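Chemist: The following comprises the amino acid sequence and a computationally predicted model.
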Amino acid sequence: MIQLTRRKVVIAGAAAFVAAPLDPLSVTGVKAAAPQHHIVKVEGFAFVPDDLKVRVGDTVTWINCDIAPHTATALDTTWDTSTLEQGQSRKLVIIVEMSGPYFCQHHPMMRGKLTLQTD
């Protein structure tokens, strides 16, 4: 028969607490959304969709479906996919600074927007 003392119970409880993974719900009261993967097609000299709602940590993949080369570049040029030839794609993980409008360096009339969701 195992003899449980108050000290053993306290030590076992503390060890279980330290070993338990941190659940965002227990800290904030709101479950954090899992990162999502989004696709933006570049086709017909347009970004589809042209206004994408994203969260920090999400991944966006731009796929060039046109014959012409394209980029997805922030208006302030802080981020860029570099040139995508037909059939090429590029993935970027969203950070706060990526929120806002972007364009194609080869075809400046092409515009898109990343809208950062915080809820």
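Modeler: Received it, and whenever you're ready, just let me know what you need. Residues are numbered from 1 along each chain as shown.

Chemist: what's near enough to touch the residue nearest to the spatial centre of the chain?
Modeler: Closest to where the C-alpha atoms of the chain average out (CA atoms, centre = their mean) is residue 58, at 1.4 Å. By CB atoms under 8 Å, 6 or more residues apart in numbering, the contact set of residue 58 is 35-38, 93-94. Every C-beta, even on glycine, is put in place using the N, C-alpha and C of the backbone.

Chemist: go with 10 Å
Modeler: 33-38, 52, 92-94, 98, 114, 116-117 (CB atoms under 10 Å, 6 or more residues apart in numbering).

Chemist: Tell me the one among the residues you listed nearest to residue 79.
Modeler: residue 98 (5.6 Å; CB to CB).

Chemist: In contact with that closest one: list those residues for me.
Modeler: 54, 56, 58, 60, 74, 78-79, 92, 114, 116.

Chemist: how close does it sit to residue 68?
Modeler: 24 Å (CB to CB, to the nearest Å).

Chemist: cool, and residue 42?
Modeler: 9 Å.

Chemist: How about residue 38?
Modeler: 23 Å.

Chemist: more neighbours, the two?
Modeler: residue 38 (16 against 13; other CB atoms under 10 Å).

Chemist: Do I have it right that that one meets residue 57?
Modeler: No: applying CB atoms under 10 Å as the test, residue 38 and residue 57 come out as separate, 11.8 Å apart.

Chemist: Now do the contacts for residue 59.
Modeler: 35-39, 91-94.

Chemist: Looking at these, state which has the most neighbours.
Modeler: Going by other CB under 10 Å, residue 94 tops these with 21 neighbours.

Chemist: and it, what does it touch?
Modeler: Here residue 94 is in contact with 35-36, 38, 52, 54-60, 79, 114, 116 (criterion: CB under 10 Å, 6+ apart).

Chemist: Same list, those, but as CSV with distance to residue 86, secondary structure and pLDDT please.
Modeler: Output for the contacts of residue 94, formatted as CSV (distance: CB to CB, whole Å; DSSP: H, G, I helix; E, B strand; the rest coil; pLDDT from 0 to 100):
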residue, distance to residue 86, secondary structure, pLDDT
35, 28, coil, 94
36, 26, coil, 95
38, 21, strand, 98
52, 22, strand, 98
54, 25, strand, 97
55, 30, coil, 96
56, 31, coil, 95
57, 30, coil, 96
58, 26, coil, 97
59, 22, strand, 98
60, 19, strand, 98
79, 22, coil, 97
114, 23, strand, 97
116, 30, strand, 95
